[in-house]
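Q: just a sequence and a predicted model for now, questions to come.
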Amino acid sequence: MNTVININKNTLKWASACLIWGLLFTGCKKEAIVSPGPEKELPTHTEGGTPYYKLQRIENLAVETDDANPTVAPTAVLFSLETRAVVPLLYAKTNRWDIGFNGLYNSFLSSNNGQSSNSLGAGSTGTGAIAVLQKPFEEVTDVPADATLSISKSIGTDDEGDFGEGTGWYLYDFGGTRRGDGSYNKQHVAYAMPEKRTIVVRTAKGDYAKIKMISCYKDAFTADKWFRNTPHMYFTFEFVMVPKGSTKFEIK
């Protein structure tokens with residue numbers, strides 16, 4: 001026997017209305033709005049206090065030198081970019097410093113890397129590295145790849161001058177004729193080359209810095225004031241630091 005269900009017109013109309021209203025109500029429901037989480041706050045200062053993204057200047061950083069024994073390497077000097085201060089040598093095997101001033105007249109710059117037997121920080125926890133770029137400071141905007149930085153190299157005299165050891169940050173004018181006028185007072189002068197050389201350092205803790213070496217003469221910041229008897233070695237340089245993982249050098 002077939003079961004016949006009789007639905008009158010009013011019932012059908014009511015059912016249809018309910019279906020339509022149900023569809024409309026469902027279709028008009030708003031999507032749930034998901035609010036983004038708070039952005040990760042970037043650090044503004046190093047652990048030692050130096051601000052990131054700000055131009056820093058160090059003037060007349062004095063290091064040991066002995067004109068009577070110029071070929072004898074003086075006591076090295078360790079410098080922290082984080083604290084903008086000299087670090088005692090007893091902390092050489094730590095990550096408290098970033099740049100070593102050593103070698104001839106303490107004029108060679110090196111990094112703090114515990115994995116390098118050539119580093120002043122050999123055996124330390126430092127992860128530093130260094131390179132010199134053939135560009136002026138203002139044009140160095142990208143942080144070089146780690147593979148292009150050396151953990152053991154020291155950077156000093158440039159091949160454009162006397163006694164050059166590759167690409168360096170300064171030109172040594174032994175006879176006074178490479179940059180000077182050949183006079184006695186212009187002999188044995190070291191010329192920083194900020195117009196075409198920039199030092200890049202990965203610090204002992206993994207941050208990055210670009211450095212403009214300006215002078216190694218006391219209170220004398222331009223080449224016209226550099227003579228053989230001008231007090232030296234007093235380093236003046238500028239730098240900017242960016243946090244670990246950065247790809248750009250920015251000054252904000």
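A: Nice, I can see it.

Q: alpha carbons only for contacts and neighbour counts from here, please
A: Noted.

Q: low-confidence regions, this structure specifically.
A: Where the chain drops to pLDDT under 70, the residues are 1-40.

Q: mind listing the helices in this structure by residue range?
A: 9-27 (DSSP state H).

Q: residue nearest the centroid of it?
A: Centroid-nearest residue in the chain, with CA atoms, centre = their mean: residue 209, separated by 1.4 Å.

Q: ok, that one - contacts?
A: By CA atoms under 8 Å, 6 or more residues apart in numbering, the residues touching residue 209 are 200-203, 239-242, 249.

Q: for the residue nearest to residue 97 when sequence neighbours are not counted, what are its contacts?
A: Of all residues not flanking residue 97 in the chain, residue 80 sits nearest, at 4.2 Å (CA to CA, 6 or more residues apart in numbering). Residues near residue 80 by CA under 8 Å, 6+ apart: 86-87, 96-99.

Q: list only buried entries from those residues.
A: Among those, those classed as buried by 16 or more other CA atoms under 10 Å are 86-87, 96-99.

Q: closest to residue 229 out of those?
A: Using CA to CA, residue 86 comes nearest to residue 229 of the buried ones among the contacts of residue 80, at 25.3 Å.

Q: distance to residue 120 added to the buried ones among the contacts of residue 80, as a markdown table?
A: A markdown table is the format used below for these (distance: CA to CA, whole Å):
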| residue | distance to residue 120 |
| --- | --- |
| 86 | 14 |
| 87 | 12 |
| 96 | 12 |
| 97 | 10 |
| 98 | 10 |
| 99 | 9 |
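
Q: how near is residue 130 to residue 146?
A: Distance of residue 130 to residue 146, given as CA to CA, to the nearest Å: 9 Å.

Q: what do you get for residue 206?
A: According to CA to CA, residue 206 and residue 146 sit 10 Å apart.

Q: before we move on, the earlier item: the closest residue to the residue nearest to the centre of the chain other than its chain neighbours: neighbour count?
A: Closest residue to residue 209 in three dimensions, ignoring its sequence neighbours and counting by CA to CA, 6+ apart: residue 241, at 4.3 Å. Residues near residue 241, counting by other CA atoms under 10 Å, number 29.

Q: quick one: residue 241 and residue 49 touch, right?
A: No: Residue 241 lies out of contact with residue 49 (CA atoms under 8 Å); the separation is 11.4 Å.

Q: just grab the bridge partners of the residue nearest to residue 156 when sequence neighbours are not counted for me.
A: Excluding the flanking residues, the one nearest residue 156 by CA to CA, 6+ apart is residue 108, at 4.3 Å. Beta-bridge partners for residue 108, by DSSP bridges, are residue 102.

Q: tell me the contacts of residue 108?
A: So residue 108 contacts 100-102, 154-157 (CA under 8 Å, 6+ apart).

Q: out of the residues you listed, who's nearest residue 183?
A: For the contacts of residue 108, the nearest to residue 183 is residue 157 (21.5 Å; CA to CA).

Q: and the gap between the closest one and residue 128?
A: Residue 157 sits 21 Å away from residue 128, going by CA to CA.

Q: cool, residue 93 as well?
A: In terms of CA to CA, residue 93 sits 12 Å off from residue 128.

Q: compare the two (neighbour count), which wins?
A: The residue with more neighbours, out of residue 93 and residue 128, is residue 128; 31 against 19, by other CA under 10 Å.

Q: got the contact list for residue 215?
A: Residues near residue 215 by CA under 8 Å, 6+ apart: 191-192, 221-222, 234-237.

Q: ok, 6 Å please
A: Listed by CA atoms under 6 Å, 6 or more residues apart in numbering, the contact set of residue 215 reads 192, 221, 235-236.

Q: how about residue 228?
A: 185-186, 188-189 are the contacts of residue 228 under CA under 6 Å, 6+ apart.

Q: just among the residues you listed, which is most surrounded?
A: Most crowded among the contacts of residue 228, counting by other CA under 10 Å, is residue 189 at 25 neighbours.

Q: is it true that that residue touches residue 173?
A: Yes: using CA atoms under 6 Å, residue 189 is in contact with residue 173, at 5.3 Å.
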